[in-house]
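Enquirer: 3D, please:
(chains A, B and C)
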Amino acid sequence: MLTQLPFYQQAILTLSAMILFTSFALLAQSRVVSIIHAFAWQGAMVALTTALVAYDTGLHHLYISAFLTLALKALFIPWLLHRLIRRLGLIRELHTVEHPVMTMMIATSLVIFCYYVAQPIEQFSETITRNTIAISMSVILLGMLMLISRNKAVSQVVGFMSLENGLFFAAISATNGMPMVVELGIAFDVLIAAVIFGVFFFHIRDSFDSLDVSQFHRLSESDE
Amino acid sequence: MNNWILALIQAALFIIFAPLFAGWIKRVKCWLQNRRPPSLLQPYQDLRRLLSKQVVMSVDASAVFRVAPYIVAAATLLAAIVVPLIAVNLPTTAIADVIVLAGFFALARFFLALAGMDIGTAFGGMGSSREMTISALAEPAMLMAVFTLAMVASSTNLSTVIHYVLADGMVLRPSLLFALLSMLLVGIAETGRIPVDNPATHLELTMIHEAMILEYSGRHLALIEWAAQLKLMLYSVLIINIFFPWGIASELNLVMLSTAIFAITAKLMILGAVLAVSETIMAKMRLFRVTIFLVLALTLALIGILSHIVLEIH
Amino acid sequence: MNALILTLLIPLLSSVAMAVMGQKKIAGSLNIIVSLAQFIATLFMTSVVFKQGHIGASNGQFYIDSFNVYLIALTALVGLTTSLFSRPYMEQERQNGRLSTNRMRLYHTSYQGFLFTMQLALSTNNLGILWVALEGATLATVLLVSLYRTPEAIEAAWKYFIICGVGIAQALFGTVLIYFAAAQVIPDPEQALLIRVLVEHAAGLHPIIMTIAFVFLLVGYGTKVGLVPMHTWLPDAHSEGPTPMSAVLSGLLLNVALYALVRVKILTDGALANNLSGHSPHLAGYLMMGFGLLSFTVAGYMLHRQRDIKRLFSYSSIEHMGLMTFAFGLGVPLATFGALLHMTVHSLTKSSIFITVGHASHIAQTQKIDNIRGLIATQPSVGWGLLIGTAAIAGFPPFGVFTSEFLLLSATMQTHPWLTIPLLVGLAVAFAGLFRHLHPMVYGEKPAEQTGVQANMWPVIIQLALVLWLGLSIPDFLAQWFDQATQLITGSGLL
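Expert: Below you'll find the predicted structure:
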């Protein structure tokens, strides 16, 4: 029962619900700056949750993971994105959500779907965080939904990175993190990916005059 | 028998102190905005002034227009009887159901909207249509938040819910946290506070609640104003007692009751101050943004339910 | 052990060196030299494996067995031949003004970086590192796809990045689930992602978790394999990037992704073998067969609609990857043996085809099939190279592709006879799709002012000769490795 858990374990659960909320916020936000802020908050909360799990389990390598996440997801990538959109002059841009109500309904169904899929997995876990597996899976799928529903490059990148947050959170909640070498490798990949995305913004802007990905239809199979 | 008297006293407390609560919020706002506050009793004087005035009514007004203030006041009063203020376990708990409560509010709103359209002025119709738009979005959000509570406590009965939360002690429940946030947003929208509506202006383009009651005067207006103040207090008490019930009297003895009165006064003062602060730092949003505001409330409530199912059931 | 370190270090260090030293004239030649060095290192390693049977290193973090050893050598070989091709090709692109010197530096850095990730993915024994390497392969190649900076190239690269990034994220989730399942049976968490350890404990892994994990991994790595419907990035990336990159993408990346998928399938089969979950023990196989057959069929039909020569052959790659996925899904030794052979010959043939296509598009100065005409009349070596390469990939005897496809068909006939019909129809459709485009390109009337280009056809000749050799007789040691790998994958050998 929830009431018998120590306070920091309750905090883990509450934080994971708040992480889910940031995923919803990412889906619904239309101002590009708010999107980046919501993403930074998500990263910070994932890092905090990791630190709490580290405290709970006594696994010290998780503190390193938490620190990496904080540095990368909550500070560096939001800072990079912020800098980029400022340099590209997009700071006031609006990324309108096409079908907000539809998106929200799909998002809710995705969460329920994840709950259904995660149930058999959760049965075999003894960790306190087992219930958050469904949440982490939802964050992954909501990140994908954001990638699909947005047509601006910046929002898509945030969706992609939020998906990475979900993956990291999944590793934390299911297995208390991956082996350190894998963790470092993943962090390195994310870092490189963030930099390459930044490079891409300039390429796309130079070729298309905006970061609107919906102009990408030169390579569709149908008009051939 | 004693308990029945207590229940009546509790309802009377609502009736008496609702204008005072409104006055308190106004006072804190004045402080924050560096203005000289009116007396705390100003709302009472306003009501008295309105009551003593003659009713002026349009020649086109039908019976609906005339009856509406009484129905609105009566429905709100019934709601006040249902909501536990200082004590649970009162005989009125049998009907102290959140869904009943929502029904009373809906009834009041329905007649208010009808009255707004009855005269056939442009403002009345506009206000009614806006009010119904907002409530169409606020109601599902509120019910969703209520369902979250109901799932947590396995009941929609207010006093059972409060008992449950009291018995739990200090527990960080993600579901209740999100239900609270959702209820706060719904409460703001339903009671017509900033940023959804501004009760203090009669600016044509932004009015919602005030537009509906523009044609009322005299005792009719007094009843509606008083009902609005009562509704604000009801929502505040509801939020306080569901999410922070500590101090409420679970046994009906003098010590606990006086503690409860003291506690609820303090909590209401704090909540009123918070409301005043938020109204001071926020600007009223455009009408079309209100839908987004309420969708946010709905989403929060939804996450509340989901996190209860996903996280809290083992 | 030392050879293994060299195999990994040479491309890594040369990638860094290429980035640091900037664009020099010799970068192209240097690229060849380091690729050659890497190839020699892998040959040395191959001989060690040949003697010892396997190599393990770094506390079990690396493990070379008969399944990956020949893929490592193959990767180094294709890396070498493509670097031979790319030096004059990229130089020509630079002279045509399509590339600046700075981008040449990016090209060489990414090229070696890509080879490093491929070798890392193949040689690692850790499922997590395997994932990191495959994601790294995307990162290394994504800037190559957009190398020309045309709107089309940017669009293709963006699609590639997003689709593969999302796909591979699913694979990471699958990996997390495997780690989760392994943590229940393997006490040491540091060991719980090592493939060797996992294989030993496969029977103890929880079948339901492994099933869910496999679905995620299939979607994830399947995206990189180019399985329909996650294939949409593949034709775009192949057609818009520089041709040497298309050659290594088709010849290497798809193989390595499939290799990763098969490694996971072994685990899933092991977990499902004792039939506790209520799922069919061949669930993973059935899923792979379904995706494989779908990809095979769809890509075969898509061949007919193509107007771009590189898109044409990238759809052919999807078709063949589908066929291999199907064959691994069948799960019988004969099919698995055939699939392993097919991996090898497809990789050799397809990279040589892309090399030829690169020359052909230089001759015609376009990638549009309609504007490429009379290759044999203009430059016989390129024309014949394209013709023979396409004949090989279409499955003409006596090339190796014919042998492997024959093995696949026989295996299908034995296990699922009715599935031979869609396979045969698909092969016929693909054959028609390739040759209806090929015929006018090779034999059509030569445009008036079309002249030949300086083309180095040696890589093509070597690779096609190898394919021919594999079609006529498989060398003994290779057959042994294929057989051991078959044992590893299906549990029983063929020979």
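
Enquirer: need the residues of the stretch 151-300 of chain C near chain A, please.
Expert: Contacts of the stretch 151-300 of chain C with chain A, taken as CB under 8 Å from any CB of the partner chain, map to C:151-152, C:154-159, C:161-162, C:165-166, C:169, C:172-173, C:175-177, C:179-181, C:183-184, C:189-190, C:192-193, C:206, C:208-209, C:212, C:235-236, C:239-240. For the C-beta atoms, the positions are set from N, CA and C on the backbone; glycine is no exception.

Enquirer: Recalculate using a threshold of 6 Å.
Expert: C:151-152, C:154-156, C:165-166, C:169, C:172-173, C:176, C:179-180, C:183, C:190, C:206, C:208-209, C:236 (CB under 6 Å from any CB of the partner chain).

Enquirer: if you count residues, which helix in the chain comes out on top?
Expert: In the absence of a named chain, this looks at chain A. Criterion DSSP state H: the longest helix present in chain A is helix A:180-208.

Enquirer: nope, chain C please
Expert: When chain C is parsed with DSSP H, its longest helix is helix C:151-185.

Enquirer: following that one, which helix or strand comes up?
Expert: helix C:195-200 (DSSP states H and E).

Enquirer: For that following helix, which residues meet the burial criterion?
Expert: C:Ile195, C:Val197, C:Leu198 (16 or more other CB atoms under 10 Å in any protein chain shown).

Enquirer: and what of stretch C:268-275?
Expert: Buried residues in stretch C:268-275, defined by neighbour count with 16+ other CB under 10 Å: C:Thr268, C:Asp269, C:Gly270, C:Ala271, C:Leu272.

Enquirer: re earlier: out of the buried residues of helix C:195-200, which is nearest to A:Thr108?
Expert: Nearest to A:Thr108 among the buried residues of helix C:195-200: C:Leu198, at 36.2 Å, using CB to CB.

Enquirer: Roughly how far does the closest one sit from chain B?
Expert: 29 Å (CB to the nearest CB, to the nearest Å).

Enquirer: That residue and C:Ala183, how far apart?
Expert: Here C:Leu198 is placed at a distance of 11 Å from C:Ala183 (CB to CB, to the nearest Å).

Enquirer: cool, and B:Leu101?
Expert: Taking CB to CB as the criterion, B:Leu101 is separated from C:Ala183 by 49 Å.

Enquirer: more crowded one of the two?
Expert: For B:Leu101 versus C:Ala183, neighbours defined as other CB atoms under 10 Å in any protein chain shown are more numerous around B:Leu101 (23 against 19).

Enquirer: OK, contacts around B:Gly124?
Expert: Going by CB atoms under 6 Å, 6 or more residues apart in numbering or on different chains, B:Gly124 touches B:Gly116, B:Met117, B:Met212.

Enquirer: Skipping adjacent residues, who's closest to it in space?
Expert: Computed as CB to CB, 6 or more residues apart in numbering or on different chains, the closest residue to B:Gly124 that is not its neighbour in sequence is B:Gly116, at 4.0 Å.

Enquirer: Can you tell me the element the residue nearest to the spatial centre of chain A falls in?
Expert: By CA atoms, centre = their mean, the mean C-alpha position of chain A lies nearest to A:Ser162, the distance being 1.5 Å. A:Ser162 belongs to helix A:153-175 when elements are defined using DSSP H and E.

Enquirer: which residue packs closest to the residue of chain B found nearest chain A, ignoring adjacent ones?
Expert: The minimum distance from chain B to chain A, using CB to the nearest CB, falls at B:Pro174 (3.4 Å). Among residues not flanking B:Pro174 along the chain, A:Ala17 sits closest, at 3.4 Å (CB to CB, 6+ apart).

Enquirer: Which of the helices or strands spans the one you found?
Expert: Using DSSP H and E, A:Ala17 falls within helix A:7-28.

Enquirer: Where does the closest residue to C:Gly251 other than its chain neighbours fall, secondary structure wise?
Expert: Spatially, and ignoring its direct neighbours in sequence, C:Gly251 is nearest to C:Ser351 (3.4 Å; CB to CB, 6+ apart). Using DSSP H and E, C:Ser351 falls within helix C:333-364.

Enquirer: what's that helix packed up against?
Expert: Applying 3 or more CB pairs under 6 Å, 6 or more residues apart in numbering or on different chains; DSSP states H and E, one finds that helix C:333-364 contacts helix C:66-95, helix C:243-248, helix C:309-330, helix C:380-393, helix C:400-415, helix C:458-472, helix C:476-490.

Enquirer: Would you mind giving these as a markdown table with mean neighbour count and mean pLDDT added?
Expert: Putting the helices and strands packed on helix C:333-364 into a markdown table (neighbours: other CB atoms under 10 Å in any protein chain shown; pLDDT from 0 to 100) gives the following:
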| stretch | mean neighbour count | mean pLDDT |
| --- | --- | --- |
| helix C:66-95 | 23 | 90 |
| helix C:243-248 | 27 | 92 |
| helix C:309-330 | 28 | 94 |
| helix C:380-393 | 22 | 93 |
| helix C:400-415 | 20 | 94 |
| helix C:458-472 | 19 | 92 |
| helix C:476-490 | 18 | 90 |
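
Enquirer: closest to chain B out of the ones you listed?
Expert: helix C:309-330 (34.5 Å).

Enquirer: Mind listing what's buried along whichever helix or strand comes after the helix holding A:Ala17?
Expert: The helix or strand immediately downstream of helix A:7-28 is helix A:32-57, counting by DSSP H and E. By neighbour count on 16+ other CB under 10 Å, the buried set for helix A:32-57 is A:32-33, A:35-54, A:56.

Enquirer: what about helix A:32-57 and chain C, any contact?
Expert: No. Residues of helix A:32-57 contacting chain C under CB under 6 Å from any CB: none, with a closest distance of 11.5 Å.

Enquirer: immediately after that helix, which helix or strand?
Expert: Assigned by DSSP H and E, the successor of helix A:32-57 is helix A:61-69.

Enquirer: Export only the CA atoms of that next one, formatted as PDB.
Expert: Taking Å, rounded to 0.1, in the frame of the first residue of the first chain, the C-alpha atoms of helix A:61-69 are listed here in PDB:
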ATOM      1  CA  HIS A  61      26.300   4.500  -9.800                       C
ATOM      2  CA  LEU A  62      22.800   5.900 -10.200                       C
ATOM      3  CA  TYR A  63      23.900   9.200  -8.700                       C
ATOM      4  CA  ILE A  64      26.200   9.500 -11.700                       C
ATOM      5  CA  SER A  65      23.300   8.700 -14.100                       C
ATOM      6  CA  ALA A  66      21.200  11.300 -12.300                       C
ATOM      7  CA  PHE A  67      23.900  13.800 -12.700                       C
ATOM      8  CA  LEU A  68      24.400  13.000 -16.400                       C
ATOM      9  CA  THR A  69      20.700  13.300 -17.000                       C
END
